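Visitor: Here is the input, now give the coordinates:
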Amino acid sequence: MYYEEEFVEEVRQRNDIVDVISSYVNLKRGGSNYVGLCPFHNEKTPSFSVSPGKQMYYCFGCGAGGNVYTFLMEYENLTFVETLEQLAERAGMELPAKSDSAGDKRRRDMRDAILEVNKLAANYYFAKLKSERGQAGYDYLIKREIKPEIIVRFGLGFSDKNSGELYRFMKAKGYSDEVLKETGLFTYDERRGAYDKFWNRVMFPILDRNNRVIAFGGRVMGDAKPKYLNSPETLVFDKSRNLYGLNFLHGKQDKGIIICEGYMDVIALHQAGFTNAVASLGTAFTSQHCSLLKRYTDLVYLCYDSDGAGVKAAMRAIPMLKEAGLRIRVIDMRPHKDPDEFIKGLSAEEFQNRIDKAKNSFFYEVDVIKEDYDMNDPESKTRFMNEVAKKCLTFDNEIERNNYMEAFSREYGIRVEDFRKLTAYHSAQMAGIDYERRKQERRQKGTDRPAEDGIAKSQGIFLTWLSNDPALFEKTKDIITAGDFVDEPYHQVAEMMYEQYKENGRVEPAVIISKFQSREEQSLVAGLFNKEIREINRDAEQKKAVNEVVKNIKKYSLDYKSRHVTDLAELQGLIEEKKKLQKLQIML
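Guide: So this is what the prediction gives:
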C-alpha cells in the first residue's frame, strides 16, 4: 500500500510525538526533553528520552529509537500502513486515495480475515455450548460453579467431538484454506486432510485490548492430554504481548493487578468481584508481560498455585517484575492450591483478607530460600544468612537495601551491624568477581580496536551537535561537508542534514528517520542524533571539543580519499589539505 510522501509527512507533523508516546508511557519533563521507563525493555532507571524539538525518541539502554511511526509500529506490532492510518484517524485527517502494494495488501487482508474467522469461531463455540451437543461442556462449567452471566461475559464456548465441524462451517462461509491455515484453528495433514485443532473442549476466547478475538484456549473434557490446548502464534496473536483478561482492564489500576496461572483462576476471581485479575497465555511469564502490566499499574499481586511448580513460577517472575519497576506482593493460597479452590473453600472476603496481608516479595523469597536450610543447625543457618545477604545486594537503592537489612535483622533476631558486615563482605566478593570477569573479557577481545570505532563516535557526535545547533553548519562550512562523512549510515544521514539546512536553515531528525525503511535502521539513525555526550560548560572546553571532532572526521576523510585516489595532482592536493589541517582552528 502506498501513500504520497507529502501526506506521510503531514500525518507525522500533526501527531506530536510527546502526546502520542505519553498515552503509552509515563513521561516526565527532564530539561528540554521528556524521560520515562523504556517500554521496549525492563529497567528501573529511566533511559527513554523523547525530544519534542526533534520529534523523535531514543533509549540509551537498549538503543530503540525513531519517530512517531517507529514507536507505534514497534509498540503495537503494526505495519507502517496500519500505523499511518491510525495516526491519520487520531489527527482527524481524511485518507487520500491510495494504491496498494501487493505485499502490504496481502498482509492487511490476511490480518483482517483472521480476525473475522476468530470472531465467527467464537460465536460458533458459544452457540455450540448452549446446544444439546454442548451439554458436556456446559455441565462442566456449572459443576465448576461458573454462573451463566459469567459464561456470557467471557464468551465461553464448546468445540464439538466431531473434529471437522468448524472447518466445514468456515468453508461454507467461503473462507479459503490459505486463510484458515493462518488462523491456527485447523490442522492440515496429508493423510487426514484438514480438521479442527480444538475438539471436545470447553473454549476460552482470548481478546486483545480492543476486544477483538485474537486466539483461543481449550480445556479437554475427560483425562486426555494435553489438558489445556492453546492457539499457536499468528499474525494477530503474540503470547508474550497479551494476557488473558486484559480486555477487562480500563485505565489505571490503582488497586494493582492480580496475576494468576490459568483461565479458570481469572474467571473465578472476576466472578468473586476481583475484576483486576489476569493470566499469562500458555507460556512462562516474560519481560514483555512486565512492560504490558506497567502501563496499567505499579503494583502486582502474584497469585500462583501453592504447589512446587507455582513457587518456582513466582520465583522466576519476581526478578523480572522488579526490573520493570513494579512493586510485588505474593498472596498465600494455603491450604488451597489456587484462587478457584480458595474462594470455593473459604470466601471472597477471606481472599480479600489474603490480599491485604500479601507478603512483600523479598520476604516471600526469603521464606522460599529458608526451606532448603535447617534453622536448628548453626552451619546450615549461617549458609542461609549468607544467601539472604546476597539477595539484599539486588537492591540498587542504598536506602531501600538498608531498610530490608534492618527488617530482616529484626525478623531473625540478629544485630543489624553484623548483617551489614556480612552483606558488605559479599558485595566486595561480587565486585572482585565482576572485575575479573570484565578484565578477562577485555583480554579475550584484545586491546587493539579498529580506528573506525573512534571515527564512528566522532561522526555521530558531530551529527548530534549539528542537529542541536544548526549554526555549526556555517562555522564549519569551509572545512567539512557531507562528503567527509565516508562511513554508512553517517554519509547518508549527513547528506540529508546538509540538504535540509541548505533548503530550510534547520535540521528535522524525524523526517530523516522516515527515509529509512526498517525499524533497525531507524533505531540506528535515531542513535546518531542521541549520542551520549558529556556536558561541556566552559566556552574554551567546547571550542576544543569541536575542533578535535572536526579534525578527526576531516583527517579520516582525507586518509580515505588518499587510499582511493588515482590522479597524482589530486593526491598532491590532499597532502596539502592534511598539512593545513594541523594548524586548523575553528572560530566559534
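
Visitor: helices and strands around the strand or helix carrying Val366, which ones?
Guide: Val366 belongs to helix 361-370 when assigned by DSSP states H and E. Applying 3 or more CB pairs under 8 Å, 6 or more residues apart in numbering; DSSP states H and E, one finds that helix 361-370 contacts helix 308-323, strand 327-330, helix 378-392, helix 398-412. Where you see a C-beta, it was placed from the backbone N, CA and C, and this is true even at glycine.

Visitor: Quick one: the helices in the stretch 201-350 of the chain, in order.
Guide: Along the stretch 201-350 of the chain, counting by DSSP state H, counting those that start in this stretch, helices occupy 263-271, 287-294, 308-323, 339-345, 348-356.

Visitor: okay, those helices in CSV with distance to Glu548 and mean pLDDT next?
Guide: Below are the helices of the stretch 201-350 of the chain laid out as CSV (distance: least, CB to CB, whole Å; pLDDT from 0 to 100):
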stretch, distance to Glu548, mean pLDDT
helix 263-271, 60, 94
helix 287-294, 40, 80
helix 308-323, 38, 85
helix 339-345, 63, 90
helix 348-356, 60, 92
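
Visitor: for those helices, which one sits closest to Pro378?
Guide: Nearest to Pro378, of all the helices of the stretch 201-350 of the chain, is helix 308-323, at 26.4 Å by CB to CB.

Visitor: Enumerate the positions of that closest one that are buried.
Guide: The neighbour-count check on helix 308-323 (16 or more other CB atoms under 10 Å) flags 310-311, 313-315, 317-318, 320-322 as buried.

Visitor: Nearest to Phe169, out of those residues: which one, please.
Guide: Closest approach to Phe169 among the buried residues of helix 308-323 (CB to CB): Ala313, at 37.3 Å.

Visitor: so what's the closest one up against?
Guide: By CB atoms under 8 Å, 6 or more residues apart in numbering, the contact set of Ala313 is 261, 284-285, 304-305.

Visitor: any idea which of those residues is least confident?
Guide: Ranked by pLDDT, the contacts of Ala313 bottom out at Ala284, which has 71.

Visitor: what about that one, neighbour count?
Guide: Other residues lying near Ala284 total 12 when counted by other CB atoms under 10 Å.

Visitor: Pretty sure it sits against Met315.
Guide: No: applying CB atoms under 8 Å, one finds Ala284 not in contact with Met315, separated by 11.9 Å.

Visitor: Which residue is the nearest non-sequential neighbour of Asn402?
Guide: Arg420 (7.9 Å; CB to CB, 6 or more residues apart in numbering).

Visitor: Does the one you found lie in a helix or a strand, and which?
Guide: Here Arg420 sits within helix 416-445, counting by DSSP H and E.

Visitor: mind listing what the closest residue to Phe485 other than its chain neighbours touches?
Guide: What sits nearest to Phe485 in space, not counting adjacent residues and going by CB to CB, 6+ apart, is Ala494, at 4.0 Å. Ala494 is in contact with 459, 463, 482, 484-485, counting by CB under 8 Å, 6+ apart.

Visitor: thinking again about what came up before, as CSV, the buried residues of helix 308-323 with distance to Phe158 would be great.
Guide: Output for the buried residues of helix 308-323, formatted as CSV (distance: CB to CB, whole Å):
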residue, distance to Phe158
Gly310, 28
Val311, 34
Ala313, 29
Ala314, 32
Met315, 36
Ala317, 32
Ile318, 37
Met320, 35
Leu321, 35
Lys322, 41
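
Visitor: nearest to His336, of the residues you listed?
Guide: His336 lies nearest to Gly310 out of the buried residues of helix 308-323, by CB to CB, at 11.5 Å.

Visitor: my guess is that closest one contacts Cys260, does it?
Guide: No: when contacts are counted by CB under 8 Å, Gly310 is not listed as touching Cys260 (10.1 Å).

Visitor: Name the next helix or strand downstream of the least confident helix or strand in the chain by mean pLDDT, please.
Guide: When each helix and strand of the chain is scored by mean pLDDT, DSSP states H and E, helix 416-445 comes last, with a mean of 66. Scanning forward in sequence from helix 416-445 by DSSP H and E, the next helix or strand is helix 451-468.

Visitor: next helix or strand past that next one?
Guide: Counting by DSSP H and E, the next helix or strand C-terminal to helix 451-468 is helix 471-476.

Visitor: Mind giving me the packing neighbours of that next one?
Guide: Partner elements for helix 471-476 (3+ CB pairs under 8 Å, 6+ apart): helix 451-468.

Visitor: where does the stretch 1-150 of the chain dip in pLDDT?
Guide: Low-confidence segments of the stretch 1-150 of the chain (pLDDT under 70): 1-2, 77, 97-104.

Visitor: how about 90 then?
Guide: By pLDDT under 90, the low-scoring segments of the stretch 1-150 of the chain are 1-14, 22-26, 28-33, 39-47, 51-56, 58-67, 69-112, 130.

Visitor: The closest residue to Ala284 other than its chain neighbours and Ile399: what is the separation?
Guide: Spatial nearest neighbour of Ala284, excluding adjacent residues (CB to CB, 6+ apart): Arg316 at 6.8 Å. According to CB to CB, to the nearest Å, Arg316 and Ile399 sit 27 Å apart.

Visitor: likewise Asn247?
Guide: Distance of Asn247 to Ile399, computed by CB to CB: 39 Å.

Visitor: more neighbours, these two?
Guide: Between Asn247 and Ile399, counted using other CB under 10 Å, the more crowded position is Asn247 (20 against 8).

Visitor: Dihedrals phi and psi, Ser347?
Guide: phi -170, psi 170 (degrees, to the nearest 10).

Visitor: Thr286 is in contact with the residue nearest to Ala284, correct?
Guide: No: using CB under 8 Å, Arg316 is not in contact with Thr286; the gap is 10.0 Å.

Visitor: Looking at the helices and strands packed on helix 361-370, spot the one closest to Ser163.
Guide: helix 308-323 (30.4 Å).

Visitor: ok now the closest one, how far from the chain's centre?
Guide: 18 Å (CA atoms, centre = their mean, to the nearest Å).

Visitor: Tell me what angle it forms with helix 361-370.
Guide: 140 degrees (axes from the mean of the first three to the mean of the last three CA atoms, to 10 degrees).

Visitor: Hey, what's the angle from helix 308-323 to helix 287-294? Just curious.
Guide: Using the same axes, to 10 degrees: helix 308-323 against helix 287-294 is 70 degrees.

Visitor: got TSV for the helices and strands packed on helix 361-370, with distance to Gly345 too?
Guide: Shown next, in TSV, are the helices and strands packed on helix 361-370 (distance: least, CB to CB, whole Å):
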stretch	distance to Gly345
helix 308-323	17
strand 327-330	19
helix 378-392	33
helix 398-412	29
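
Visitor: circling back to that earlier point, need the buried ones from the contacts of Ala313 selected in ChimeraX.
Guide: In ChimeraX, this line selects whichever of the contacts of Ala313 come out buried by 16+ other CB under 10 Å:
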select :261,285,304,305
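
Visitor: Done for today, thanks.
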